[in-house]
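Enquirer: Structural data only, the sequence is not supplied:
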């Protein structure tokens, strides 16, 4: 007479155990499978890095004209920090003291490589071209650089990589001695002073510093535009910490809307853009540019949010050639232009191509 009751209890007990096992299995699956944040909201603060250079004009204009602040809204505080060169900004991003930054293409690759493809994503372009090897006018061939000192802003930055790759292509050995080219990493203002004193032969420099050396008597030995198809290569791009992108997509889109406004302003109002950029540089560095330098610098570059993603595999190879990275970086997953394309389409602009670098390898 007790058998049916026992069977019912056993059935209930087995169902309960099965449910517990299923829950445990789901829990383990959740633990082993990364998931997107369950909720996202605008960030309370956006910490943004950039340089006081003409090549960072969209960043300078975006800050000065309050394009970033207006798009971010009253709920997000914009905090800015400026740098002389990319490697220092990379350290700030990887160290967690920056959320996003306008930066050179080579340091952007380096940040991705250093973090094993985890910490940062390239979300937009900013500036193309605007970098040159300028030297004293008596130097007219690569061979004449032997025994000379040539400056770049910092080891591993975009211009440093470009110079070292170019020297190797011309069979010029880097080092000290009469048959070698000495590459010194020097802050841009100091390079100008040393060039005037005859202590450096020139430098591979971003704008406005290449134009400032030209104004001081230098001549262009190599215009980096001549080394790329159609003269286009990414001098400055916009990267963001991956975690910040995942947790605060609205804030990232607001940043991109602000950048598009700044780029549109720079392209539509060049005279005003020059003045605002120059005033911003003076505020940061206590030094303004003469009108001839300003005009020349702006004429050497172009502004666009397209990151020119197809150039990055070659840039990754160049970093190895220049010794900035030990091996070529696998760039799969490096580019994420979904937010950019959403913002561009809303602004009536065509989407940009991620060149296949948006997929995880």
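Expert: In hand now; what should we look at? If you're wondering where the values come from, they're calculated on a predicted model, not measured in any experiment.

Enquirer: Leaving out chain neighbours, which residue sits closest to residue 224?
Expert: residue 131 (4.6 Å; Cβ to Cβ, 6 or more residues apart in numbering). No exception for glycine: its C-beta is placed from N, CA and C like everyone else's.

Enquirer: same thing with residue 154?
Expert: Per Cβ to Cβ, 6+ apart, closest to residue 154 is residue 85, 3.4 Å.

Enquirer: same question, residue 194
Expert: residue 200 is the one closest to residue 194 (Cβ to Cβ, 6+ apart), at 4.5 Å.

Enquirer: Confirm that neighbour sits in a strand?
Expert: No. Looking at residue 200 with DSSP: H, G, I helix; E, B strand; the rest coil, it is coil, so not inside a strand.

Enquirer: tell me the pLDDT at it?
Expert: If you check residue 200, the pLDDT there is 98.

Enquirer: which residues touch it?
Expert: Residues counted as contacts of residue 200 (Cβ atoms under 8 Å, 6 or more residues apart in numbering) are 148-151, 184, 186, 191, 194.

Enquirer: With respect to residue 279, which of those residues is nearest?
Expert: residue 191 (23.0 Å; Cβ to Cβ).

Enquirer: Wait, a strand at the closest one?
Expert: No. Residue 191: not assigned to a strand; according to three-state DSSP it is helix.

Enquirer: Return the residues in contact with it.
Expert: 151, 153, 200, 203, 205, 209, 213.

Enquirer: circling back to that earlier point, quick check: the residue nearest to residue 224 touching residue 210?
Expert: Yes. Residue 131 is in contact with residue 210 according to Cβ atoms under 8 Å; the separation is 6.8 Å.

Enquirer: Can you name the residues that contact residue 104?
Expert: Residue 104 makes contact with 85-86, 157-159, 206, 235-237, according to Cβ under 8 Å, 6+ apart.

Enquirer: same question but for residue 259, I mixed them up
Expert: Going by Cβ under 8 Å, 6+ apart, residue 259 touches 58-59, 62, 67-68, 124, 126, 238, 305.

Enquirer: how about whatever helix or strand it lives in: buried residues?
Expert: Assigned by DSSP states H and E, residue 259 belongs to helix 249-268. By neighbour count with 16 or more other Cβ atoms under 10 Å, helix 249-268 contains the buried residues 249-266.

Enquirer: and after that helix, which helix or strand comes next?
Expert: Heading C-terminal from helix 249-268, the first helix or strand you meet, by DSSP H and E, is helix 270-285.

Enquirer: and the angle for the next helix or strand after that next one with helix 249-268?
Expert: Going down the chain from helix 270-285, the next helix or strand is helix 291-299, by DSSP H and E. Here helix 291-299 points in a direction 120 degrees away from that of helix 249-268 (axes from the mean of the first three to the mean of the last three Cα atoms, to 10 degrees).

Enquirer: who touches helix 291-299?
Expert: 54, 57, 130, 207-208, 210-212, 214-215, 270, 273-274, 277-278, 289.

Enquirer: Going by neighbour count, which of those residues comes out on top?
Expert: residue 57 (32 neighbours; other Cβ atoms under 10 Å).

Enquirer: so who does that one touch?
Expert: 127, 262, 266, 273, 277, 298, 303.

Enquirer: Tell me the spacing between residue 235 and residue 278.
Expert: 18 Å (Cβ to Cβ, to the nearest Å).

Enquirer: Do I have it right that the residue nearest to residue 154 meets residue 153?
Expert: Yes. Residue 85 lies in contact with residue 153 (Cβ under 8 Å); the separation is 4.2 Å.

Enquirer: low-confidence ranges in the stretch 101-250 of the chain?
Expert: By pLDDT under 70, the stretch 101-250 of the chain has no low-scoring segment.

Enquirer: can you give me the strands in it?
Expert: Counting by DSSP state E, counting those that start in this stretch, the stretch 101-250 of the chain has strands at residues 120-129, 131-135, 149-152, 182-185, 202-206, 219-223, 234-241.

Enquirer: strands paired with the third one, and their directions?
Expert: Strands flanking strand 149-152 in the sheet, each with its direction: strand 182-185 (parallel), strand 202-206 (parallel) (DSSP bridges).

Enquirer: Can you say which of those strands is packed in most?
Expert: strand 202-206 (a mean of 29; mean count of other Cβ atoms under 10 Å).

Enquirer: chain center to it: distance?
Expert: Remark: strand 202-206 is offset 19 Å from the chain centroid, using Cα atoms, centre = their mean, to the nearest Å.

Enquirer: can you give me the angle it makes with strand 219-223?
Expert: Using the same axes, to 10 degrees: strand 202-206 against strand 219-223 is 50 degrees.

Enquirer: so how far is the helix holding residue 259 off the chain centroid?
Expert: That offset, for helix 249-268, works out to 15 Å (Cα atoms, centre = their mean).

Enquirer: got it, and stretch 146-153?
Expert: Computed by Cα atoms, centre = their mean, the chain-centroid distance of stretch 146-153 equals 25 Å.
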